[in-house]
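Trainee: what follows is a protein structure lacking sequence information:
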């Protein structure tokens, strides 16, 4: 059974029309956009799971930021095709690398931060528990479930 195409894969023809329309007015920029967005195209077609769309958005937007910085950069020359412009492609791929770093390292960093927060909270609760035991004595540790109810006076 064939799975339905992702949102990014469905938007790919629109992206190609945008590049073709841009090529009519400014071919070097269209070429830089086409080659600079290759990492985004790769993740659009290869990302799986329930967060595939979010992964494609993160990489795509950071990749687009790198491409736009390369388009606005000082190295746009008529004689130098942007495909061979190492500055522009380096900016575009650096943006994509940042996006891939967020996608793959972000959950790990978030897990470490959340674990450290929970360990600190556990230390605080243990310290508060110890303080309560010192103030009230050991009988505070007995819960109502552990005590046996007195059934002699329950005839009201």
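Mentor: Happy to help now that I have it. Note that the structure is a prediction, hence the values are computed from the model and not measured.

Trainee: avg pLDDT for stretch 87-107?
Mentor: The average pLDDT within stretch 87-107 is 89.

Trainee: contacting residues around that stretch?
Mentor: 32, 35-37, 39-40, 43, 55, 58-67, 69-71, 73, 75-76, 82-83 (C-beta atoms under 8 Å, 6 or more residues apart in numbering). (C-beta placed from N, C-alpha, C; glycine too.)

Trainee: the strand or helix carrying residue 127: how far from the chain's middle?
Mentor: Per DSSP states H and E, residue 127 falls inside helix 86-136. For helix 86-136, the separation from the chain centroid amounts to 13 Å (computed by C-alpha atoms, centre = their mean, to the nearest Å).

Trainee: against residue 112, how distant is residue 34?
Mentor: For residue 34, the distance to residue 112 equals 38 Å [C-beta to C-beta, to the nearest Å].

Trainee: who has more neighbours, these two?
Mentor: residue 34 (20 against 10; other C-beta atoms under 10 Å).

Trainee: need the contact list for residue 40.
Mentor: Going by C-beta under 8 Å, 6+ apart, residue 40 touches 56, 59-60, 63-64, 96.

Trainee: inside strands: which ones of these?
Mentor: Among these, no residue falls in strands (DSSP state E).

Trainee: possible to save those as TSV with neighbour count?
Mentor: Shown next, in TSV, are these (neighbours: other C-beta atoms under 10 Å):
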residue	neighbour count
56	25
59	28
60	22
63	26
64	18
96	25
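
Trainee: out of those residues, which comes closest to residue 122?
Mentor: Relative to residue 122, the closest of those is residue 59; by C-beta to C-beta it sits at 35.9 Å.

Trainee: quick one: residues contacting that closest one.
Mentor: Each residue near residue 59 by C-beta under 8 Å, 6+ apart is listed here: 39-40, 43, 96, 99-100, 103.

Trainee: what residue is smack in the middle of the chain?
Mentor: The centroid of the chain falls nearest to residue 103 when counting by C-alpha atoms, centre = their mean (4.2 Å).
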